[in-house]
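**Student:** okay, sequence plus prediction incoming.
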Amino acid sequence: MAEFHKAATVADVAPGTVICVEVAGTRVALYNLDGEIYATSPSCTHVEADLSEGFIEDDEIVCPLHFASFNIRTGEAGGPPADGDLTTYPVRVNDGEIEVEI
């Protein structure tokens with residue numbers, strides 16, 4: 001059964017940035033889009049590049065290697081060269097602490 005685990009604090013994820021953290025043994029990418037926190041799997045579905053080394057453009061994360069893009073809110077791939085969507089995780093914020101359901 002999935003449950004929420006502390007992943008980081010809101011202060012750890014500045015607006016417009018992405019970081020990778022480990023939550024309950026699972027690597028997760030955390031994003032701050034205009035104060036809303038989102039969580040996805042951390043690697044591009046094309047060649048497993050670390051998305052925390054990519055850049056955010058509007059509401060998408062762009063892979064640093066071949067520029068595949070993914071919607072941060074839904075995980076949906078924006079097209080080739082991505083081979084599939086990212087996994088998304090439920091997120092909640094309690095007293096400045098980010099918790100991710102794993």
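**Tutor:** Okay, I see it. Residues are numbered from 1 along each chain as shown.
**Student:** which residue ranges form the strands in this structure?
**Tutor:** 4-9, 18-23, 26-33, 36-40, 55-57, 60-62, 69-71, 88-89, 91-94, 97-101 (DSSP state E).
**Student:** which stretch among these comes nearest residue 49?
**Tutor:** strand 60-62 (10.5 Å; CB to CB). In this view, the C-beta of every residue, glycine as well, is placed from N, C-alpha and C.
**Student:** next, the buried residues of stretch 92-102.
**Tutor:** 98-100, 102 (16 or more other CB atoms under 10 Å).
**Student:** what does stretch 37-57 give?
**Tutor:** 37-46, 49-52, 54, 56.
**Student:** also stretch 69-83?
**Tutor:** Quick answer for stretch 69-83 (16+ other CB under 10 Å): 69-72, 75-77, 82.
**Student:** how long is it end to end?
**Tutor:** This stretch, stretch 69-83, spans 11 Å end to end (CA to CA, to the nearest Å).
**Student:** before we move on, what about stretch 43-56?
**Tutor:** Stretch 43-56: ends 14 Å apart by CA to CA.
**Student:** next: stretch 68-76.
**Tutor:** 11 Å.
**Student:** before we move on, the earlier item: including mean pLDDT, could the strands of the chain go into JSON lines?
**Tutor:** Converted to JSON lines, these look like this (pLDDT from 0 to 100):
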{"stretch": "strand 4-9", "mean pLDDT": "98"}
{"stretch": "strand 18-23", "mean pLDDT": "98"}
{"stretch": "strand 26-33", "mean pLDDT": "98"}
{"stretch": "strand 36-40", "mean pLDDT": "98"}
{"stretch": "strand 55-57", "mean pLDDT": "96"}
{"stretch": "strand 60-62", "mean pLDDT": "97"}
{"stretch": "strand 69-71", "mean pLDDT": "98"}
{"stretch": "strand 88-89", "mean pLDDT": "98"}
{"stretch": "strand 91-94", "mean pLDDT": "98"}
{"stretch": "strand 97-101", "mean pLDDT": "98"}
